[in-house]
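Asker: let me see the structure of the following:
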Amino acid sequence: MLAVVWSLVATALRWLAAHPWVPIVLLLIAVAASGVWVHRRREAARWNQVREQGLRYEMPQIDALHHRQFEEAVRDLMRRDGCPEATQVGGAGDNGADVKATDPYGRRWVIQCKHRRAGLAGSAVGTPDLHVLNGTGRPVHNGDVVVLVTNGRFTTKAIDFARSQRLHLVDRHLLARWAAGSTPLWELLSALPSPRRPTSGS
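Answerer: From the prediction side, this is the model:
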């Protein structure tokens, strides 16, 4: 077996010696392919940065999203506002969290997203969803700011419950201001916990 392998290697080496240009061409192809791959990665990263910095959504766009896309849109808005490590974590076993982020002040955000295809005409978000979020947002996910975002509305009981439990609600009207503007969500909400760390401009 070893003799067969050695014979094949020797044959290949003789063939390459007779065709010295082949390795050079293969090397050039590999270098070119590597250069194209690196260029595409850099371009993708640059355009992702541009998209996130100038990201805007109008409400008809948001209404047309799938619920998973809605979570991704919320994640991207947090990234736009200065949370580069914001992640979409929603799915089976998410324990009430769809998006997690850390803002420039060091506060940990835990966000649950409730998408309504019909917007305001859809069913209002009630206390059951807030009970889940309240039970996991701080104890399980260690959130400083616990938020529920919807493109719809909340019931009166949900609003009262959120106020009593220091939960933050983003309804359709506030979402429209946040998504279509350039003001970070933490500047649109009130009664947020104190920053964990100052920003460079503080």
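
Asker: excluding covalently adjacent residues, which one is nearest to residue 58?
Answerer: residue 180 (6.1 Å; C-beta to C-beta, 6 or more residues apart in numbering). All C-beta atoms are positioned from the backbone trio N, CA, C, and that covers glycine.

Asker: please identify which helix or strand holds residue 29.
Answerer: Residue 29 is located in helix 21-53, with elements delineated by DSSP states H and E.

Asker: can you give the contact residues for the following helix or strand past that helix?
Answerer: Using DSSP H and E, the helix or strand that directly follows helix 21-53 along the chain is helix 59-63. Contacts with helix 59-63, where a contact means C-beta atoms under 8 Å, 6 or more residues apart in numbering, come from 70, 73, 116, 117, 118, 119, 151, 172, 175, 176, 179, 180.

Asker: between those residues, which is nearest residue 15?
Answerer: residue 73 (56.7 Å; C-beta to C-beta).

Asker: neighbours around that closest one, how many?
Answerer: Counted with other C-beta atoms under 10 Å, the neighbours of residue 73 add up to 23.

Asker: quick one: mean pLDDT over stretch 66-73.
Answerer: The average pLDDT within stretch 66-73 is 96.

Asker: now that stretch: how far from the chain's centre is it?
Answerer: With C-alpha atoms, centre = their mean, to the nearest Å as the basis, stretch 66-73 stands 10 Å off its chain's centre.

Asker: put the alpha carbons of that stretch into CSV.
Answerer: Only the C-alpha atoms of stretch 66-73 are listed here, as CSV (Å, rounded to 0.1, in the frame of the first residue of the first chain):
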residue,chain,number,x,y,z
HIS,A,66,-43.3,38.3,10.6
HIS,A,67,-43.1,38.1,14.4
ARG,A,68,-39.5,36.9,14.2
GLN,A,69,-38.6,39.7,11.8
PHE,A,70,-40.2,42.1,14.3
GLU,A,71,-37.8,40.8,17.0
GLU,A,72,-34.9,41.3,14.6
ALA,A,73,-36.1,44.9,13.8
